[in-house]
Structure formats: structure tokens, C-alpha cells
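Student: predicted model and sequence below, questions to follow.
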Amino acid sequence: MKTQVVIVGSGPSGLLLGQLLHNQGIDTLILEKHAREHVLSRIRAGVLEQVTVDLLREANVAGRMDREGDVHEGFDIVFAGRRERLDLKRLTNGKTVMVYGQTELTLDLMEAREAAGAKTIYQARNVHLNDIDSDAPSVSFEAGGKTVTVHCDYIAGCDGYHGVCRQSIPDGVLQSFERVYPFGWLGVLSRTPPVSPELIYANHERGFALCSMRSQSLSRYYLQVSLDDNIDDWSDQCFWDELRTRLPAQVATSLVTGPSIEKSIAPLRSFVVEPMQFGRLFLLGDAAHIVPPTGAKGLNLAASDVSTLYRILLAVFREGRTELLEQYSPICLSRIWKAERFSWWMTSMLHRFPGDDFGSRIQMAELDYLLDSEAGKITIAENYVGLPFEPLE
Ligand code: APR
Ligand code: PHB
């Protein structure tokens with residue numbers, strides 16, 4: 001078998017890259033370890049930056065998002081009895097974000113790929129990358145009881161943090177940078193109307209809380225919890241009681257509760273590898289970097305990697321500009337590190353760190369200062385709506 005680009009992983013990174021390339025007549029094959037239904041059962045975040053929305057429109061996969069997604073012009077920060085709205089639109093000269101679940105987006109991308117007749121192999125086992133530092137790389141895998149080898153020009157590693165692509169790069173090539181946080185997020189999805197039309201991020205003495213949503217009838221809430229907490233210890237009742245405690249009284253009284261339809265605990269982590277390329281292999285999205293979810297940047301960073309690799313590959317296949325390939329990693333990393341900084345900063349400012357009373361007072365002073373200052377509010381808002389993509393020379 002032969003194709004131009006093998007894409008490993010059918011999460012949002014792999015699917016979006018596949019769609020953009022396919023629309024330009026570039027042949028791709030996606031290899032996904034799990035079944036389609038499994039990929040679609042994962043509940044992930046749901047805030048899209050304007051540049052991500054624009055890229056989805058460019059890929060012709062934005063129809064349902066434009067109909068059903070919700071444009072948000074602001075969000076609230078709550079702390080020490082104060083509730084402050086960040087008017088994103090005013091503070092950023094008109095920019096907004098789109099609330100649209102990653103699960104829905106993944107479904108739209110899968111359907112667009114199927115409609116276009118582009119090939120995805122689900123349940124591809126033992127994916128193995130060969131000769132990635134040569135001019136003739138290939139990828140082998142097992143499917144339907146057979147071992148298949150696909151020869152290609154380039155490989156896109158879109159297989160998430162636990163994938164095989166990053167691990168295929170020889171020891172000593174990559175440098176990794178990591179920060180782990182001493183808490184996790186307990187998330188609940190419920191078929192209830194959101195407590196407020198916009199997102200609320202709360203720093204409470206008992207810990208962080210976030211009120212988010214997927215639609216007018218589907219809410220997503222999170223609580224900061226200890227890493228030792230067990231999901232079985234959090235009944236729905238406990239969750240709603242704790243959420244109410246961490247919200248301002250006026251918000252808590254209007255909270256509509258109901259049975260959880262998904263409940264999980266996720267640890268928070270920052271992680272980056274450098275460089276994001278080795279030979280003909282390129283790493284994108286969670287395969288190369290993780291952010292804690294407080295800044296809502298995970299999916300958006302994946303999309304900006306996709307945009308960069310797509311533009312480079314187009315110039316390579318159309319104009320033979322192979323010298324651009326080595327710009328992939330530096331272009332991506334300059335945006336990634338700014339989003340890593342913002343996500344780390346929002347996480348540090350909004351969560352309670354066990355035993356750090358001095359740090360808690362500093363947080364209150366920092367939030368008070370930032371939200372009293374136009375410059376402070378602009379700093380949060382312009383990072384939240386997303387920094388511009390770096391142009392390709
Ligand atoms: N072979 C083939 N596929 C694999 C392998 C493998 N060895 N390992 C993992 N995969 C698949 C996973 O099953 C998954 O479907 O790769 C896909 C990776 O998808 P994601 O984890 O969603 O990563 P990505 O597409 O980069 O999306 C990033 O997802 O986790 C969020 O915050 C993150 O929003 C961001 C987005
Ligand atoms: C979500 O809706 O899941 C969500 C929203 C904003 C965040 C993180 C998660 O910062």
C-alpha cells in the first residue's frame with residue numbers, strides 16, 4: 001500500500017489534518033487504534049478560539065458548529081465574594097469564543113471524512129513506524145488478522161499523549177518539560193440547563209470550581225479534588241452540594257441539578273516535548289504537548305499545529321519547498337509555550353494549593369489587581385480568545 005501522508009490517530013488533530021489535506025487532493029490514510037464508537041464516547045472540553053473556528057470553516061466542516069454552537073462574548077471569574085465579568089468582545093476588539101463540544105466536532109470530522117471517501121482504518125493494532133529518518137518511511141499495522149505495510153512521504157503523529165509516534169523517536173533526541181499539579185478535576189455532565197449563560201471560573205477556599213455547558217440543556221461542571229479522591233466517593237448529591245458551596249449564593253440557588261450522565265476525575269498536567277519533528281515524522285496535538293484545562297487551550301493548540309503542518313505540506317507537495325519542513329517545530333512551539341504559560345498561570349491563580357496560605361493571599365491580591373485594571377483584564381482576555389497563528393514565510 002502507498003499514500004502521501006499516514007496519519008496516526010483519529011482524534012481532532014488527525015481528522016482535521018486529514019480533511020484539510022484531502023480537500024487539496026493530497027492522499028491520506030488514518031490509522032486509529034480504537035473503534036469509531038470508542039473515540040466518539042470520550043467527553044472532552046468545548047471552547048474553540050476564533051482561529052480554530054476559522055480553520056474548521058476553511059476545512060468545510062463547520063456547518064453544524066455554526067448552527068448549533070454558541071458564541072460567547074464573555075465569562076465570569078468569582079473569588080472572595082467578588083464576581084467579575086470579562087467582556088471578551090470589548091477587551092479584544094471584537095473577538096469571541098465558540099462553545100461546541102469536542103465530541104460533536106469529532107463526529108462532524110468523521111462524517112466529513114466518510115462522505116469524502118477518505119480512508120480510516122479503525123482498530124489498527126501494533127502500529128509501528130519504520131525508517132522515519134530516511135527518504136522512504138513506512139508504517140506497519142495489524143488489522144483483520146493481517147499485517148499491512150503502508151509506504152508514505154510523511155507521517156503525522158496525532159495519536160495523543162499515550163501514542164506510539166513520540167515513543168518511536170530514538171532516545172536522546174527529545175527534551176521533555178513537565179509540571180504536575182497536586183490536584184485533579186472531577187467533571188460531571190448532566191442533562192440540565194446551565195446555571196448561567198456564560199462560563200463561571202471560581203476560586204473558593206475549598207478549591208476551584210467551573211460551570212460550563214455543551215448546550216442550553218446540557219451542562220458540564222468541574223470541581224478541584226484531591227488526587228487521592230476516588231470517583232466512587234463522589235455521589236451525585238455530594239457533587240452538587242460541594243459545587244453549591246463553592247459558588248456565590250445567588251448562583252447556587254439557581255443551580256438546577258440532575259443525574260450525572262458522565263463523571264470522571266482527571267489529573268492536571270503541563271507537558272511539552274521539543275522538537276516536534278524527527279525526520280519525516282511530525283508530532284501534533286496531545287502527542288507533543290498537554291495543558292491543564294483551566295485555559296481551555298488543549299483542542300485549540302492541536303488545531304494550530306494542524307494549521308501549521310497543513311500549510312507546510314501544501315507548499316511541499318505543490319511547490320517542492322522542502323526547506324519549510326524544519327520550520328514546523330519552531331513555529332508551533334512559539335505558540336505552544338505562550339498557551340502553556342497562560343494555562344499554567346490560570347491554573348496557579350484559580351486553584352487552592354494544599355497548605356499554601358501565603359499563596360492563597362497572593363492569589364486574592366493578584367485577582368483583585370488584575371480585575372481592577374483594564375490592562376489586567378485585557379491580558380486575560382486576549383490569551384483566552386487565543387493568540388494569532390504565526391505566518392509561514
Ligand atoms: N495507534 C493508533 N492510534 C492511536 C494509538 C496507536 N498506537 N495510540 C493512540 N491512538 C489514538 C487514540 O485512540 C485517539 O483516538 O490517537 C487518538 C488521539 O486523539 P486525542 O487524544 O484526542 O488527541 P488529539 O487529536 O491530539 O486531540 C487533542 O484532545 O485530549 C484532548 O485536550 C486535548 O483537546 C485536545 C485534543
Ligand atoms: C468544558 O466545558 O469542558 C471546559 C470549559 C472551559 C475550560 C475547561 C473545560 O477551561
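Tutor: Received it, and whenever you're ready, just let me know what you need. Residues are numbered from 1 along each chain as shown. Ligands and ions are numbered 1, 2, ... in the order given.
Student: quick check: residues of the stretch 251-393 of the chain near ligand 2?
Tutor: P293, T294, A296 (C-beta under 6 Å from any ligand atom). From N, CA and C alone the C-beta is placed, and that goes for glycine too.
Student: relative to R341, which of those residues is nearest.
Tutor: Comparing those against R341 with C-beta to C-beta places T294 closest, at 12.2 Å.
Student: isn't the closest one right up against A339?
Tutor: No: using C-beta atoms under 8 Å, T294 makes no contact with A339, being 11.4 Å away.
Student: picking that back up, ok, and which of the residues of the stretch 251-393 of the chain next to ligand 2 reach ligand 1?
Tutor: By C-beta under 6 Å from any ligand atom, no member of these lies near ligand 1.
Student: which residues in the stretch 1-150 of the chain form strands?
Tutor: With DSSP state E, counting those that start in this stretch as the criterion, the stretch 1-150 of the chain has strands at 5-8, 28-31, 47-48, 70-72, 74-79, 82-87, 97-99, 119-121, 125-130, 138-143, 146-151.
Student: looking at these, which is nearest to Y310?
Tutor: When the strands of the stretch 1-150 of the chain are compared by C-beta to C-beta, strand 5-8 sits nearest Y310, at 10.1 Å.
Student: packing partners of that closest one?
Tutor: Using 3 or more C-beta pairs under 8 Å, 6 or more residues apart in numbering; DSSP states H and E, the elements in contact with strand 5-8 are helix 12-23, strand 28-31, strand 154-157.
Student: N126: which of the ones you listed is closest?
Tutor: strand 28-31 (10.5 Å).
Student: so is that closest one next to ligand 1?
Tutor: Yes: under the criterion of C-beta under 6 Å from any ligand atom, strand 28-31 makes contact with ligand 1 via L31.
Student: let me see the mean pLDDT of that strand.
Tutor: Taken as a whole, strand 28-31 carries a mean pLDDT of 98.
Student: pairing partners for it, with directions?
Tutor: Partner strands for strand 28-31, per DSSP bridges, with pairing direction: strand 5-8 (parallel), strand 119-121 (parallel).
Student: could you export the ones you listed to CSV, including columns for mean neighbour count?
Tutor: Shown next, in CSV, are the strands paired with strand 28-31 (neighbours: other C-beta atoms under 10 Å):
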stretch, mean neighbour count
strand 5-8, 26
strand 119-121, 18
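Student: ligand 1 contacts on the chain?
Tutor: Proximity of the chain to ligand 1 (C-beta under 6 Å from any ligand atom) is limited to residues 8-14, 31-34, 39, 44-45, 102, 124, 127, 158-160, 162-164, 285-286, 298-299, 302.
Student: quick one on the thing from earlier: could I get the helices and strands packed on strand 5-8 as JSON lines with distance to D131 and mean neighbour count?
Tutor: Output for the helices and strands packed on strand 5-8, formatted as JSON lines (distance: least, C-beta to C-beta, whole Å; neighbours: other C-beta atoms under 10 Å):
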{"stretch": "helix 12-23", "distance to D131": "21", "mean neighbour count": "26"}
{"stretch": "strand 28-31", "distance to D131": "17", "mean neighbour count": "25"}
{"stretch": "strand 154-157", "distance to D131": "10", "mean neighbour count": "28"}
